[in-house]
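**Student:** Next comes the sequence, and after it the predicted model I'd like to discuss.
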Amino acid sequence: MLDLFNQDERGQVGIGTLIVFIAMVLVAAIAAGVLVNTAGFLQATAEDAGQESVDKVTNRVEVVNQHGTVGNDDTISNITLTVRLAAGSSAVDMDTTSIKYLSDTNVTTLVNSTDSYDNPAGNETYFNLTKVEGTDEDDSFGVLNSGGDRYEVTINASAIKGGDQYVGLKTGTQVQLDITSQTGGTTTVILTMPQQLAGKDVKEPVKL
């Protein structure tokens, strides 16, 4: 009868089997290391992409009101926007913010002229930035960093148009402004010039 509990019998493993076993363990360890590294890289990439996406949505300005300034020949010579931080936005530096100006005849990109161009209305390359009195309590002019900050952005439509410095946009003309912060957050404003400017005085403000 077969003795199932014969302690004199021993199992033996050949050297070849042992080598194969060790090789499988090494391959599994290497594969696990690659998977861990890949997972870490993908996680970091996803976090960066997610933060950039959030910045593009939240880090931007909000336009609270706008008006135009009457020029010659019943046109709008300047456009002025009052801006503040959008809800949930981090600080926005207006020195690194650009405005894409698009009308039926012109397209250009404007940057801040506060420190580089002494013109209260800006020109064909720059927009002008001024502080609304009673705001910016921490004297951080140029950077919107609190909900109470208010700045006025002035765009010289006459200079962009390239003609007479006091002749700007005709009645009914539509202008699109894309205000983009350094992180890519964009606010789009579409303005239509008033249909009735007859009888308005030059430099008189009108609601847009």
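**Tutor:** In hand now; what should we look at? Numbers count the residues shown, from 1 in each chain.
**Student:** ranges for the strands of the chain?
**Tutor:** 61-70, 76-85, 92-93, 98-102, 107-112, 126-131, 143-144, 151-156, 174-180, 186-192, 205-207 (DSSP state E).
**Student:** Pairing partners for the third one, with directions?
**Tutor:** According to DSSP bridges, strand 92-93 forms sheet pairs with strand 143-144 (antiparallel).
**Student:** The partner strand: how far from the chain's middle?
**Tutor:** Here the centre of strand 143-144 is set off from its chain's centre by 14 Å, with Cα atoms, centre = their mean, to the nearest Å.
**Student:** next one: stretch 182-198
**Tutor:** With Cα atoms, centre = their mean, you get 17 Å for stretch 182-198.
**Student:** Dump the strands of the chain into a markdown table; add distance to residue 137, mean neighbour count and mean pLDDT as well.
**Tutor:** C-beta: built from backbone N, CA, C; applies to glycine. Below are the strands of the chain laid out as a markdown table (distance: least, Cβ to Cβ, whole Å; neighbours: other Cβ atoms under 10 Å; pLDDT from 0 to 100):
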| stretch | distance to residue 137 | mean neighbour count | mean pLDDT |
| --- | --- | --- | --- |
| strand 61-70 | 18 | 18 | 95 |
| strand 76-85 | 14 | 22 | 95 |
| strand 92-93 | 17 | 20 | 93 |
| strand 98-102 | 26 | 18 | 97 |
| strand 107-112 | 21 | 16 | 94 |
| strand 126-131 | 11 | 20 | 92 |
| strand 143-144 | 13 | 22 | 92 |
| strand 151-156 | 13 | 22 | 94 |
| strand 174-180 | 23 | 18 | 96 |
| strand 186-192 | 24 | 15 | 95 |
| strand 205-207 | 26 | 11 | 93 |
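**Student:** Mind putting those into CSV with distance to residue 199?
**Tutor:** Putting the strands of the chain into CSV (distance: least, Cβ to Cβ, whole Å) gives the following:
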stretch, distance to residue 199
strand 61-70, 10
strand 76-85, 15
strand 92-93, 39
strand 98-102, 28
strand 107-112, 31
strand 126-131, 28
strand 143-144, 37
strand 151-156, 24
strand 174-180, 23
strand 186-192, 19
strand 205-207, 11
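**Student:** Cheers, nothing more for now.
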